[in-house]
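Q: turn this into a model:
(one chain, ligands or ions: 1)
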Amino acid sequence: MFTKLVFRFSTYNFINVTQKGQVALIQFNRPKAMNALCDGLIKELNQVTQEIDSNPEYGSIVITGNEKAFAAGADIKEMQDKSFPQVQNIQMLASWENLTNIKKPILAAVNGYALGGGFELAMMCDIIYAGENAKFGLPEITLGTIPGCGGTQRLIRAVGKSKAMEMTLTGEFIDAQTALSYGLVSKVLPVSNLVEETLKVAEKIASFSKPVAALIKDTINEAENIGLREGVKYERKAFYSTFATQDRKEGMSAFVEKRKPSWTDN
Ligand SMILES: C=C(C)C(=O)SCCNC(=O)CCNC(=O)[C@H](O)C(C)(C)COP(=O)(O)OP(=O)(O)OC[C@H]1O[C@@H](n2cnc3c(N)ncnc32)[C@H](O)[C@@H]1OP(=O)(O)O
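A: Numbers count the residues shown, from 1 in each chain. This is a model prediction of the structure:
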């Protein structure tokens, strides 16, 4: 159904990368380990997302796992024997944050388990859709540790203090409907349709002006870093900057001329 993407680094051990129109679909591929996110997988994810981000052919990215697991977290077997100086020296997990530097919109399609680092990666994405069987959790407390990829910080912003405390202090999972009621995910979809439906939304997003979509993504994400007054100023500057684009002129002209806009990404 999808064409294989051909990039400079086109051989992957832990992910599959395919293309549908202007959308890149990245699928975690460690089914025997519940898609545990080993170092090699994160390196490949970072490499390919940077490639896609700088390739003008693509307008958005979908990240998914399989029907059992989006990803069951960082690879516990890789971490189990590490010492404090080791994890500090290698700055373990720091490179996971690279995903947040990607300018193109990223949608997570979560079937099955999204736990620990898997859930944290999903929260770094811009939109999360859940399959009916999805289970979200930060079970690090059950391993004698704490979330290390922004889980405590992003969860409280997404769901508020009481629910964030409840999830991280008990390590219990929540199901898709609960995640929907918490506002963590935008939609719950049947497991077998999840990826197709997510791709449709990703294609719609990719069909708009790419620099404008990137500005919206950046402005909304900035709201998590700065206060309201600075945020509104930041947004206004970004809004003004759209007046330096052809696409802003085209969008407004097309409306006035009662025709469909034709975006050039300029
Ligand atoms: C960023 C940080 C610090 C983190 O993410 S820490 C990790 C947080 N995540 C977790 O604690 C979840 C760990 N996994 C689980 O609890 C269970 O595997 C699940 C996801 C509930 C699934 O349970 P089950 O359906 O019973 O499958 P289970 O037999 O446990 O897993 C299948 C295989 O995947 C392996 N696996 C699952 N999660 C893994 C993980 N996070 N790391 C390494 N291997 C993992 C598991 O060891 C097993 O391998 P093997 O067949 O060699 O024994």
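Q: what's the local residue count around the residue in the stretch 101-250 of the chain positioned nearest to the ligand?
A: Per Cβ to the nearest ligand atom, Gly116 is where the stretch 101-250 of the chain lies closest to the ligand, at 2.4 Å. (Glycine included, C-beta is placed from N, CA and C.) By the criterion of other Cβ atoms under 10 Å, Gly116 has 27 neighbours.
Q: then Phe255?
A: By other Cβ under 10 Å, the residues close to Phe255 number 11.
Q: again, but for the one 5 residues further on
A: The burial count assigned to Lys260 is 8, neighbours taken as other Cβ under 10 Å.
Q: related to what we said a few turns ago, pLDDT at the nearest residue to the residue of the stretch 101-250 of the chain closest to the ligand once chain neighbours are set aside, what is it?
A: In space, and not counting its chain neighbours, Gly116 is closest to Gly73: 2.8 Å by Cβ to Cβ, 6 or more residues apart in numbering. Gly73 is assigned a pLDDT of 98 by the prediction.
Q: how close does Gly73 sit to Tyr234?
A: Distance, Gly73 to Tyr234, by Cβ to Cβ, to the nearest Å: 33 Å.
Q: higher neighbour count, those two?
A: Legend: neighbour count by other Cβ under 10 Å for Gly73 and Tyr234, higher for Gly73 (28 against 16).
Q: Gly251: which element?
A: helix 246-256 (DSSP states H and E).
Q: for that helix, packing partners?
A: Packing partners of helix 246-256 (3 or more Cβ pairs under 8 Å, 6 or more residues apart in numbering; DSSP states H and E): helix 210-222.
Q: ok, now which ones touch Trp262?
A: No, residue 262 isn't Trp; it's Ser. Residues near Ser262 by Cβ atoms under 8 Å, 6 or more residues apart in numbering: 250, 254.
Q: now with 7 Å?
A: Listed by Cβ atoms under 7 Å, 6 or more residues apart in numbering, the contact partners of Ser262 are Glu250.
Q: numbering from 113 from now on, please.
A: Sure, I'll start counting at 113 from here, so that last one is Ser374.
Q: Three-state assignment for it, please.
A: Of the three states, Ser374 takes coil according to DSSP: H, G, I helix; E, B strand; the rest coil.
Q: that one and Ala148, how far apart?
A: Applying Cβ to Cβ to Ser374 and Ala148 gives a distance of 45 Å.
Q: how about the residues of the stretch 113-262 of the chain that lie near the ligand?
A: 145-146, 148, 184-189, 225, 227-229, 251-252, 255, 257, 260-261 (Cβ under 6 Å from any ligand atom).
Q: quickly note the distance from the residue nearest to Gly228 to Thr357.
A: According to Cβ to Cβ, Gly185 and Thr357 sit 40 Å apart.
Q: next: Leu157.
A: In terms of Cβ to Cβ, Leu157 sits 30 Å off from Thr357.
Q: what about these two, which has more around it?
A: Between Leu157 and Thr357, counted using other Cβ under 10 Å, the more crowded position is Leu157 (23 against 18).
Q: could I get the phi/psi values of the nearest residue to that one once chain neighbours are set aside?
A: Of all residues beyond its chain neighbours, the one nearest Leu157 is Ile127 (6.3 Å), with distances taken as Cβ to Cβ, 6+ apart. Main-chain dihedrals, Ile127, degrees, to the nearest 10: phi -140, psi 160.
Q: how near is the residue of the stretch 213-362 of the chain closest to the ligand to Leu281?
A: Distance of Gly228 to Leu281, computed by Cβ to Cβ: 15 Å.
Q: one more: Ile338?
A: Distance of Ile338 to Leu281, given as Cβ to Cβ: 28 Å.
Q: could you do Lys180 as well?
A: 26 Å.
Q: ok, now Val300?
A: Val300 is 25 Å from Leu281, by Cβ to Cβ.
Q: so those two - more neighbours on which side?
A: For Val300 and Leu281, the more surrounded residue by other Cβ under 10 Å is Val300, and the numbers stand at 19 against 10.
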